[in-house]
Every structure is written in structure tokens, then in C-alpha cells.
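# how would this look folded up:
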Amino acid sequence: MAEQIKMSDENRNQMMWILASASPRRKELLSQIGLPFEVMVSEADENVGENLPPGKLVEKLSHAKASAVSEKLYAVSSIFGKKNEPADRKDKAAGDIHVAQATIGIIGADTVVYHNGKVLGKPKDEEDAFDMLKSLSGDTHSVFTGVTILLPKKEIVFHSETKVTFDTLSDEEIRTYIESGEPMDKAGAYGIQGLAGAFVTHIEGEYANVVGFPIGEFCHRLRILESP
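Numbers count the residues shown, from 1 in each chain. Model (predicted):
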């Protein structure tokens, strides 16, 4: 189990938070809770090359994204070793980095759809999107989002699962939806917050998790942090 720390609302908002994702949906969800943050896109390799259960898979991917941003962020400290840098400037800059490292929280997240023993990420093309949506039609699937929170000397890794049931869709409905362009950048080839909301007849679990970030569970994890 990851180490835990006590974090008040004041301390939480004084931290410099970094979202390691380009997803506009995750950005919007974090903005809703008033958490001050900046976006730094991760360049982590998302091909883990392992046959993992979906919960473990998204945890590993979220950790890879957060770690990649952490390495990129702290790599800047290497400039302080340059011989031509004035000593007083190096000392001041190194101090600034030290302070920054002590107050930075990095958030990584990854979402997949899991159905009939298969992990569905973003579709490769329109036919792939059609096949995904056709398989989800008239059935229940699970959406898994893994979240990693890297704090100074601590880290929290968890995943959230939401079950989603689709109505039975005609091929024409699926094709029309694909023509909208909405499914092409989304896990499972649909966005519940968009046009595909009309396909859903039932959900079990946190709605925001299906959008791409379990904001309720995220806040819960921060709220219950206690001193060791």
C-alpha cells in the first residue's frame, strides 16, 4: 500500500498540480473542483506489452504517464551543472527547483473499455470504431480508468470501474455516429458526455469515470490521506 500523508484543502491548493494528459475531458473535470493545475502532455509509451487485467493495465499506464512527466520536469535541474553558469545564479536556480519539487503533484490517468475479455482503446480507423460499437450494442461493458498521483516522496495508484449498458443499435445509427467524428479519439469509440449518451440505458458506478477521470474517487483519495 502506498504511503499516506495528511493534506488539508489549503495545502492541496497551494501545491503546483500537473495534469499529465492532453485530454480536454480530464482538464474540464479537474477544473470543476477548483484545483489549480497546468497541463504537461506525457510522451510515455502506451504499449505495455503485457497481458494484464484491465484494472492493473490502466494503473500501469497512468503511472507511466505521470512518471514520464516527472522525469521531464526534473530533468531541467541538469542545467545547473554547466561550467559557464555563474555560481550565484546556479545556487538560486537550484533552490527554486528544490522548492518546486517539494510542492508539485503530478496526476496521470488512462482509460480503457473492457468487453467480452477484450480491452478496447481508441479506434485505429472508422471500421475499427464500427466493430467496437457493434460489439457493445445491446450489452453491458466496463470502463476502467487508472489514476496515479505522484506527490513529494509519496505516490497513490488506483483504478475505478463503471459498468455501462448500451441499447441495441442499428448499423445505420452506428455509421451516423461515426460520421460525426466523435468516437475517433475515445476509448471504446464513444463519448458518454456527447452524442453517445443516447445509447446508454444504465450505468453502475461513477459517471465521470466513463468520461475519462473518476473525479469523485480522486477527491475521496485526497480527502482521506492521513499521516503514517
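# Now Phe166: phi and psi?
phi -100, psi 150 (degrees, to the nearest 10).
# got a list of what it touches?
Leu136, Ser137, Gly138, Asp139, Thr140, His141, Phe199, Val200, Thr201 (CB atoms under 8 Å, 6 or more residues apart in numbering). (Glycine included, C-beta is placed from N, CA and C.)
# May I ask you to confirm that the third one is in contact with Leu169?
Yes. With contact defined as CB atoms under 8 Å, Gly138 counts as touching Leu169 (7.4 Å).
# which of those two has more neighbours?
Leu169 (18 against 12; other CB atoms under 10 Å).
# Show the pLDDT at the more buried one.
pLDDT recorded at Leu169 is 98.
# how many neighbours does the closest residue to it other than its chain neighbours have?
Counting by CB to CB, 6 or more residues apart in numbering, Leu169 lies nearest to Ser137, which is 4.2 Å off, once chain neighbours are set aside. Close neighbours of Ser137, defined as other CB under 10 Å, add up to 16.
# Could you check how far Cys219 is from Ser62?
Distance, Cys219 to Ser62, by CB to CB, to the nearest Å: 17 Å.
# re earlier: give me the buried subset of the contacts of Phe166.
Leu136, Ser137, His141, Phe199 (16 or more other CB atoms under 10 Å).
# Could you tell me which of those residues are located in strands?
His141 (DSSP state E).
# Need the buried ones among the contacts of Phe166 in CSV (columns: distance to Ser31).
Conversion of those to CSV gives the following (distance: CB to CB, whole Å):
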residue, distance to Ser31
Leu136, 29
Ser137, 33
His141, 28
Phe199, 26
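# Flag every buried residue along the regular element (helix or strand) spanning Thr162.
Using DSSP states H and E, Thr162 sits within strand 154-166. Residues Glu155, Ile156, Val157, Phe158, His159, Ser160, Glu161, Thr162, Val164, Phe166 are the ones in strand 154-166 that count as buried (16+ other CB under 10 Å).
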